[in-house]
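Engineer: Fold the following and give me the result.
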Amino acid sequence: MPRKAFIADLAEACTSFRRNNISDIKAGEDDGQVTFTYKNHDSSTDVVALVPDLGEYPASHNYMFFTNSEHVDPSIHEAIDSMPECSSLKVADMLNRVARILEKAVYSGSKSKSTVSATADDPMIIDSSSENEAEVDDEDENEDLEDVGEAEYDSDDEAWSSKPPQPQWDDRSRKGAMNADQKALKARLRHDLRLAKNAGFRIAHLGSLASGGRDGFVTLSIRVGKLGISEEALDAWHMDPTQYFILLFKYSASYQSYDDLTGNAPCNMQMRVGLSQHYKVSNDDAIKAFATLGDQSKSERLFSSNSEKIQEDAGLSRLFIGRPLDELLNERLITLLRYRNAMGFPWLGAEQFFIDHQGRNLENIAPDATYWAEEPLRHGIATHDHMISKHKQKSFLLLAMQFALRHLVRCTEFCLPLCLYQYMSLGFGPSIEHEIITQPHVVDLLISFSYASAYNRKMKDLPTGMALMVPGPLSIQEYHTFVSPPSLQAYHPSNFSNTKENDRPGYTPCKYKAKLDREKMELIFSSSERPPLFVGSWITIALDDNTQQRFHCRVDETLYPTVRLSEPIVLTAKPGSAHPPLHMGSRAQPQTHTPVATPPLTGSVPSAYQEVHLSIYDQNFDDLSQNEKYYMITMLLEMLPSIPEMKNYLLSKSNKGATLASWADRIPPAALGLLRWIIASNRSCIVQVDSLDGASRKSEERVSGMPGWMQFRFAQGAPDKEQKFITSIRETTSGAKYPTVFAWHGSPIYNWHGIVREGLHFKDTAHGRAYGHGVYHALDVQTSLSYSGMRSYSYGSHRGTNEKTEPEPGQWPRSELCVSQALALNEIVNAPSKYVSTNPYLVVAQLDWIQSRYLFVKINASSWQAMETQPTQVYDQDPSYMAKGTSRGELTLPLNAVSKSRRPKTVAALKTGNKKVKMDNVETAVDEPIIISDDSDVEDIEILFSDDDDKEQQKMTRGKTDKAASGPPKDQTPQTDFLPGFLDASTLQLLEPPSYATSMATKALQRELQATLKVQDSHPLHELGWHIDPNLISNPYQWLVELHSFESHLPLAQDMKKKGIRSIVLEIRFGAQYPMSPPFVRVIRPRLLSFMQGGGGHVTAGGALCMELLTNSGWSAVSNIESVLLQVRLAMSSTDPKPARLDHGPARDYSVGEAVEAFIRACHTHGWEVPADFRKSYSGSTHSN
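Structural biologist: Presented below is the predicted three-dimensional model:
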């Protein structure tokens, strides 16, 4: 076993490997990790080698290298970054090779880069022939820039470059240049992270980027609950509001800015999206996340083999659209930004331009004006566009996050305004494997709707532009036989009796003949016949025995004149039937995971070869006529396995983690592309309530009163449809006891493909509009059933038996559900006076007044029994407009039928972090904001500050300026209206040292104060945003701080400007347990609106700060006050869920007592731990006044 071989080799290396500079060899924390220490003189570096896929060990594996040590020698750091993969080397040989490379990096001086590269290219450097290479020649050491004329090139590209050769700098010159570059890169990283933080995202960094290193990770994240995604969508996508959506950036050769990436510099950055319970992942988790993307040729296999482990251990779980988002970010984003930068396109125009012009020369292209068209976007953090901001230096981090969120939030409707089908043909879109595994009945439903729509010629939008290659009819007679159902007289085959082959657009007569051995599935062609067949091609075969069977096979091998084929998929046309249903075989019990065996053939099976005609899948679906497209859609869907077969294939041990594309000999590419199109073009959120096995029944979501009907939660349209519906309720029936009513909408099966894609509308007239224009509803389900049953299918005497009957015309033959009818239960704004009609139908013209809640389907699955259960929490209906079920009785609707925001709040569970606090009567409890804390770890806040090197540079610059200033200073436009030193001390209560003060604690706080004032002195006022007047500090246990210079677009800044207020005054008090317990931070003045009054900014009604950071649950003893002030300022600048606003009442300060009480209430609300003796420490009794 590969893993056992790795463990054995590692154990041997731990005991027997000997080299002076390698020590402490041991297994890492995770499988496939080897850790060891490399010693260099008086320093040591911890190195980690990771085998991403132990299944390849020891034949074809690779290693990844990184270090967790700080202050690593630059030459060692660079060598580790550029370390070769050490392919196929055992552990001991890998250690030997790494030691050699690190030795050369340390001792080779100015030639280290070229030497390391040369060493890396030689996989056989394991011997000891270069023991003396560490000796440095004095003459080489004294070489200077006089030898630049003989400079060597590092690569052929550099030798052919028009740029002059670069001199080989000595160590001191290179180190000086590196420090300057490091400062610039760190400053740009800090700038980009600040923009992302100000935009509302959480930021984090891992590795050495923040210290000027070459490799590391950056994380941007946001709570899923802040994205404005509806409950139905979150359920369908298996996302939790408390999770974080994370965008992870990996840099392998220093940080790259927007200018670097959109310029000509090579990209050394990768991106990955995922979900996590924490706002960032650990360093090991980040490495694991990218281990599956490192080798593009093996990415699918690596992710497949490790997918479960990554989800379980890495802390970065995958989401349903994760793989397509990863591909979009890594393969398209930079190009799209270049288009936007060069031509000023919005996101939509840039993506459309990319699709229309990829692979073409853009020099002489004049873009159409439609590329600049504005797209209607709902307001929200997920649709902001940093590209149109006024910042001159754009943040690539922020742009990438906005791009990812744009696709995530709008994934159900994103591609419809674009060319969805071209988008799908390029491999993007939701994961069909994820949907089949998690919601198999929903996929069955979508395919069934599509099949019925195509069969009945009701499908309007067809899957064009996807390059679906399909077979042509083997004869014009076959086309006439299969072209349409006889019931549709307009398309009756007799209408085509005089049609000539050449009159049919896109028709290519069959011109290939061969002989087939049906036992061996081999074709033999004559010497004159050699069709363009290749391994992987698909063909359809017609036998010359009048059986009307069609074999659809994949080419496995071509050894002309012999061609070997896979096991066939057999479609059989019954005499006189309109369409060829899939051969039934063992359809009722689909258990096999392998391609279906050749079904029984009619007549005797000759052992000799038989004459056949064949057609190749070489006709573009787009070139077919409309009726041919309908026929081809039904044929491709009939070729698909059943949903249970596909699910079993994906979950089987031998295929675990595989995609349906890997089932290449069972599913033709055209059928797979059509399946992806059906799933991706669905704009509705459909979630299973029932299941055939009864395992996933959700009793608290089932509607009672519809026995025998399978139920699905159902929400239509774009993600903002729910918000429009809620707005309509507020504007129309605000304060009403019954703001909405529930009613039925029925429609034939063939219409539901369009309904789930487009939503309910009344563009088309199907049954007349005797009662006006609008969407028709009925309170009695029997009325809607009469419409849903039109041209529907019955099952005759077979209903109730244990065997499924033959599928009726228009019903997908491979369906497990066998849907015969469908109904929607919709919630409607209760304003009958504004309806178009109320009798006998409720006719509603305002589409925003209608929101679908349930989809009911009648299925032919006799083994399934719909058990009637009453929900424990019931939604009260308007007695005047009660919806009725199949038994003529009233429906019982669960409380979950309506959105969460509209449910009565008598009992609520407030979830914060890992704690859950249950409260009664929350509605009348306290007016504290229910806000999930947005605190960040200290190291992720400190990166937003200027680093020590910058501070020293600013200090040196300020000193030189002071000395050189001999005349009046130049006029400069002030960047803030704040003026320090104008806070009136007489209006503030300055305290004496508390009774618990000790000399040791006092000295520690004095050092903290001096460090904070030092930071204040080295930053411009407008950049820092806070100010401490040392003259107002009578003891180090009480600090007075002014927050100022808020962003001008904030409502708080606008309110302050109107009132002439230039700062918000804070008080910071330090308790007896500081720094083990947090300080107490409160607002003194001015008063701000409470949360219940429409305010926000994390300020409670008593002036205390509602932040987990300032409680024992979130405080860290290593936090400093500088980071606390920045965090407090960011919290007060936050507009989520509401922005901070000034109270327009009489001016009066917050008292300490009300702040203490408000802080305690907020902690109890969120489940945070209140510091010990908090009330006693800060109520005033421990201070002398």
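Engineer: gap between the nearest residue to D1149 once chain neighbours are set aside and S786?
Structural biologist: Spatially, and ignoring its direct neighbours in sequence, D1149 is nearest to R1085 (4.8 Å; Cβ to Cβ, 6 or more residues apart in numbering). The way it works is simple: take the backbone N, C-alpha and C, and place the C-beta from them, glycine included. According to Cβ to Cβ, to the nearest Å, R1085 stands 69 Å off from S786.
Engineer: quick one: which of the two has more around it?
Structural biologist: Ranked by neighbour count (other Cβ atoms under 10 Å), R1085 and S786 place R1085 first, with 17 against 11.
Engineer: can you tell me which residues contact the residue nearest to D1149?
Structural biologist: Counting by Cβ atoms under 8 Å, 6 or more residues apart in numbering, R1085 touches 1064-1065, 1147, 1149-1150.
Engineer: same check, this time on Y560
Structural biologist: Applying Cβ under 8 Å, 6+ apart, the residues contacting Y560 are 525, 530.
Engineer: hmm, back to that, hmm, which of the contacts of R1085 are the buried ones?
Structural biologist: 1064-1065, 1150 (16 or more other Cβ atoms under 10 Å).
Engineer: so where is the stretch 1051-1185 of the chain shaky, pLDDT-wise?
Structural biologist: 1179-1185 (pLDDT under 70).
Engineer: Name the residues that touch the helix or strand containing S1177?
Structural biologist: Using DSSP states H and E, S1177 maps to helix 1174-1178. Residues from elsewhere that reach helix 1174-1178 (Cβ under 8 Å, 6+ apart): 994, 996, 1069, 1071-1072, 1080, 1152, 1156, 1159-1160, 1171, 1182.
Engineer: Can you flag which of these belong to helices?
Structural biologist: Secondary structure assignment by DSSP state H places 1152, 1156, 1159-1160 of the contacts of helix 1174-1178 in helices.
Engineer: could you dump those to TSV with neighbour count and distance to A233?
Structural biologist: Below are these laid out as TSV (neighbours: other Cβ atoms under 10 Å; distance: Cβ to Cβ, whole Å):
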residue	neighbour count	distance to A233
V1152	22	46
V1156	22	42
F1159	29	36
I1160	17	37
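Engineer: Out of those, the closest to P669 would be?
Structural biologist: For the ones in helices among the contacts of helix 1174-1178, the residue nearest P669 by Cβ to Cβ is F1159; the value is 62.5 Å.
Engineer: can you tell me how far that closest one sits from A1104?
Structural biologist: 4 Å.
Engineer: okay, and the common contacts of these two?
Structural biologist: With Cβ under 8 Å, 6+ apart, F1159 and A1104 have common neighbours 1080, 1082.
Engineer: ok, back up a step: could you pull out the buried residues of the helix holding S1177?
Structural biologist: So, applying 16+ other Cβ under 10 Å, buried residues of helix 1174-1178: 1174, 1177-1178.
Engineer: next one: stretch 204-214
Structural biologist: 204-210, 212-214.
Engineer: thinking again about what came up before, measure the residue nearest to D1149 to I1061 for me?
Structural biologist: In terms of Cβ to Cβ, R1085 sits 9 Å off from I1061.
Engineer: what do you get for A743?
Structural biologist: In terms of Cβ to Cβ, A743 sits 54 Å off from I1061.
Engineer: So for those two, which sits in the more crowded spot?
Structural biologist: A743 (27 against 16).
Engineer: What sits closest to that one if chain neighbours are left out?
Structural biologist: A743 sits nearest to H777 (Cβ to Cβ, 6+ apart), 3.7 Å away.
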